[in-house]
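A.B. asks: need a 3D model of the sequence below.
(chains A, B and C)
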Amino acid sequence: MLVADVSATEARKDYEYPPENLPCLLLSVGYHGEKNCAYVRLYDPESRKLYWWYDNTDHHPYCLSDLSIDDLKKNSKLMSHSGLLGFEEVEKYDLLHDRKVRMTKILGKNPLAIGGRSGSIRELLPNAWEAKIQYHNCYIYDKKIIPGMFWMVKGGRLEKAPLDVGDIKELLQVFKGESEEFLEVLMEFLPSFIAPVPDIKRVAIDIEVFSELDRIPDPESAENEIICAAIVSNDGESRVLILKRPELSKGEIPSGFTDKFRVEFFDKEVDLIKTLFEVVDCYPIVLTFNGDNFDLKYLYHRALKLGFPKDEIPIILGKDAAYLRYGVHVDLYKFFHNKSIQVYAFSNKYKEETLDAIAKALIDIGKVSLETEISELPLLVLAAYCWQDAYITLELTRFDDNLVLKLIVLLMRISRLSMEDVTRQGVSSWIKNLFYYEHRLRNYLIPRPEDIASMKNVSDTKAITKDKKFKGAKVVKPKPGVHFNVVVLDFASLYPSIIKEYNLSYETVRCPHPECKVNVVPETSHWICTKRRGMSSLLIGFLRDIRVKWFKPKSKDKGLNDELRRWYSVVERALKVIINASYGVFGAEHFPFYCLPVAESTAAIGRHTIEATIRKAQELSMEILYGDTDSVFIKNPQEKKISELIEWSQKALNVDLDVDKVYRYVAFSERKKNYLGVFKDGSVDIKGLTGRKRNSPQFIQKAFLQMVSVLSRVNSEQDFNEAKEEIERIARTCYVKIQRREFTLEDFAFRVQLTKPIKSYVKTTPQHVKAARQLLELGKEIKPGDIISFVKVKGKEGVRPIELARKEEIDTEKYKEYLRTTFEQVLDALGLDFDKIVGLTRLESWI
DNA sequence: GCGGACTGCTTACCT
DNA sequence: ACAGGTAAGCAGTCCGCG
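C.D. replies: Okay, the predicted model is just below:
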């Protein structure tokens, strides 16, 4: 095992040892450098205290070799390695070759002896397996620890706390046809989905640093004073620490903030920091927003600079993260930045990963808006600003009955990762860790990526898009026009169910058995094993089934009480996050189980499934309007035929087809992934339309929404005539207002994200980069992730950041064109012509 | 030397 | 550090044009 981040998890202090037989939530596992052993952080929900337990089972870091002990003893470099502890012969099962293997476990005196520095043991071996696993994770696997679950110390040893899973007759009934293996996995996971998540004691902190010229202070050099710090906890603390700066007025606490927090003034920055450290050093969880890269990093370096001895700084800096010596630091920026969380857990509700945008979208509270520089604010105004940030940060974990906290803990249980890791790593790491754990549990050898590659680095299909590795999903051309009464059917978790039903896994696709070669995936040369159940087929299949067949229906079951339903829905969402990524990871090179044939086969079977379903629907004389990957849109179908199709797909294709939604009507242009649907209740579904893209100018979005609101009131074909006139009016008005420049500069702004450092745009210079370069010249800092607001102007450069723009230079023609494309996406469907609409205007305006 | 046709780059979206 | 498919706008290049 490698412990690249050894310093990160190294603890310097002894903390209280847990009492015997006290069930505690296991928050994290780490490696203690001084004691040279694994440790565990345990949280007791009753006393709200954190305990530390240190490994006393004589567990050591190791890696595996395919050489015998005798052969290894001939390796003089290895034998003279000062970190070598010893050898142990073990038997493992090699799934790739479907056979037992004898291997030697090489034990090291500490994690770094195995790997992580030059000359480590793993580098002295011709071949090493399981040598790149971080030690604290290795410990989790070997001790069968499930982080986020209840554990206790019994007779000095760490043990699973007993948990009553209750009556599971109904559950077992649902899964009665499943294999023995499946049921074993079910019983292994079930406690994770049942054990409650306590309201863990936690504190959110935020600091403000003096800065000139709206520059973000550099946390490495930490040159400026920390002028304010806020502390907001879920156990009653609400404080703001303020550095006295006589040159500034105190001001007054802004209305709305009185009594929200206690103010403490400090003469010296050192004392302010000390006070903050005392708080940080006694909470089981400390929350920040961007604390890894700013707050905690700044605090650490600033404290050093001010002469704090290292052991009085409760922060431990890792490569890309800041850890705490006592509790767990959760950086919510990292968590919400995670694409899977954003898309699947929060259905894209927030589109920018700033504290302000996330909080506004999820809890309808924003940051305090400022007109002055932070450093010039009256002290009590600064206090309110700072407090609000900490308050929002805490609230982000509290809203909806601790939804985010519960999600985090459930994801810990599923991925078997510590809280620090699960909140910082992406979904591929979660799946990787789960797979490693499950391999170890079954004594399977964890394959090296090159072992998989050497056997399965083939692909048979050609992607439609350049630079893609294989062919993906099928998208059916839409039938343009307005269609009433449209039923959308979709396959429930199509790819995961394919992975399950077709036994797809890295070891089962192109397996070593000659007799399986007849079991071929359509459109490919890949065959699938008929002798063994694949690991990913089993695990992903289980997670998919338990979500679709149990937690999803339960989360909607009106017979259950609110609290229980809410719990089922959190579990369902946590599962969704993992399941939705489960196919993609096999096509991602950096995933350690990367296996193109798995991803390619999944997509191929997916195409086969939707194509067969469409053919069948047409046989049943149903009219297919559109389809994308796993969905089919059917025009005005007979109910009977719908059920017939659903039954057929179950029987013939082994997939669950369900009615997903029913539209009063849908408007399609000729564009794929681009439509507007109105539900029976008048709510609207907008997919892919420019008017809804976050980079479109505000005034375009507003005009577009006006049009949508008109369309949402259309009930029948007759209503359209009236609606069309209203829409024409909206388009025309907007067109004229562009011409007359009757919008604000902000309204005219395109807001485009810079996805990489500005220097890396070498092939072309897109408009937002041009605008960003103009800002750069002004001395503004620009970094990846920033959203650049610019307007299109007449002249050579064509763009101007709004900070520099004047309304007169706006290129109205460009905006008219943009308005046209935005409206055309819908007008096309309605049979209207944009030019005619605005052309009329010109005539009229001349008359 | 200019403009239209084309390709490629980039972003934002859908499933 | 999950995948591929699609739309759109613009940057840059090629080619023809007496």
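
A.B. asks: for residue A:17, helix, strand, or coil?
C.D. replies: coil (DSSP: H, G, I helix; E, B strand; the rest coil).

A.B. asks: residue contacts, it?
C.D. replies: Going by C-beta atoms under 8 Å, 6 or more residues apart in numbering, residue A:17 touches A:51-53, A:153. C-betas here are computed from N, CA, C, even on glycine.

A.B. asks: ok, now residue A:295?
C.D. replies: Contacts of residue A:295 by C-beta under 8 Å, 6+ apart are A:205-207, A:288.

A.B. asks: please apply the same query to residue A:785.
C.D. replies: Residue A:785 touches A:353, A:753-755, counting by C-beta under 8 Å, 6+ apart.

A.B. asks: poorly predicted segments of the stretch 201-350 of chain A, please.
C.D. replies: Low-confidence regions of the stretch 201-350 of chain A, defined by pLDDT under 70, span residues A:214.

A.B. asks: so which residues of it form strands?
C.D. replies: Taking DSSP state E, counting those that start in this stretch as the criterion, the stretch 201-350 of chain A carries its strands at A:202-209, A:226-233, A:238-243, A:262-266, A:285-288, A:315-317, A:322-324, A:328-331.

A.B. asks: output those strands as JSON lines; include the columns mean neighbour count and distance to DNA strand C.
C.D. replies: Below are the strands of the stretch 201-350 of chain A laid out as JSON lines (neighbours: other C-beta atoms under 10 Å; distance: least, C-beta to the nearest atom of the strand, whole Å):
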{"stretch": "strand A:202-209", "mean neighbour count": "25", "distance to DNA strand C": "22"}
{"stretch": "strand A:226-233", "mean neighbour count": "25", "distance to DNA strand C": "27"}
{"stretch": "strand A:238-243", "mean neighbour count": "22", "distance to DNA strand C": "32"}
{"stretch": "strand A:262-266", "mean neighbour count": "15", "distance to DNA strand C": "37"}
{"stretch": "strand A:285-288", "mean neighbour count": "27", "distance to DNA strand C": "17"}
{"stretch": "strand A:315-317", "mean neighbour count": "20", "distance to DNA strand C": "18"}
{"stretch": "strand A:322-324", "mean neighbour count": "23", "distance to DNA strand C": "16"}
{"stretch": "strand A:328-331", "mean neighbour count": "25", "distance to DNA strand C": "12"}
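
A.B. asks: among those, which is nearest DNA strand B?
C.D. replies: Nearest to DNA strand B, of all the strands of the stretch 201-350 of chain A, is strand A:328-331, at 22.4 Å by C-beta to the nearest atom of the strand.

A.B. asks: can you list contacts of that closest one?
C.D. replies: A:27-28, A:41, A:284-292, A:296, A:321-323, A:397, A:408, A:418-420, A:423-424.

A.B. asks: how about the CA coordinates for that strand, as CSV?
C.D. replies: Extracted as CSV, the C-alpha positions of strand A:328-331 are listed here (Å, rounded to 0.1, in the frame of the first residue of the first chain):
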residue,chain,number,x,y,z
VAL,A,328,-13.0,15.7,10.4
HIS,A,329,-12.8,18.7,8.0
VAL,A,330,-15.4,18.7,5.3
ASP,A,331,-14.9,21.1,2.5
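
A.B. asks: what residues are up against residue A:746?
C.D. replies: Contacts of residue A:746 by C-beta under 8 Å, 6+ apart are A:698, A:789, A:802.

A.B. asks: just these: which has the poorest pLDDT?
C.D. replies: When these are compared by pLDDT, residue A:802 scores lowest at 93.

A.B. asks: can I assume that residue is in contact with residue A:790?
C.D. replies: Yes. Using C-beta atoms under 8 Å, residue A:802 makes contact with residue A:790 at a distance of 6.5 Å.

A.B. asks: buried ones in the longest helix along chain A?
C.D. replies: Using DSSP state H, we find that the single longest helix of chain A is helix A:379-415. Within helix A:379-415, the residues that count as buried by 16 or more other C-beta atoms under 10 Å are A:379-398, A:402-415.

A.B. asks: where's the residue in the stretch 601-750 of chain A that DNA strand C sits nearest to, which helix or strand?
C.D. replies: In the stretch 601-750 of chain A, the residue that lies nearest DNA strand C is residue A:672 (3.6 Å; C-beta to the nearest atom of the strand). Mapping residue A:672 onto the secondary structure by DSSP states H and E places it in no helix or strand at all.

A.B. asks: what's the burial count for the closest residue to residue A:832 other than its chain neighbours?
C.D. replies: What sits nearest to residue A:832 in space, not counting adjacent residues and going by C-beta to C-beta, 6 or more residues apart in numbering, is residue A:724, at 6.1 Å. Here the count is done by other C-beta atoms under 10 Å, and residue A:724 has 17 residues near it.

A.B. asks: looks like residue A:724 contacts residue A:829 (just checking).
C.D. replies: No. The pair residue A:724 and residue A:829 does not pass the contact test of C-beta under 8 Å, sitting 11.4 Å apart.

A.B. asks: show me the domain layout of chain A.
C.D. replies: Per automatic domain parsing, the structural domains of chain A span A:202-400, A:447-668, A:689-741+A:815-846, A:745-809.
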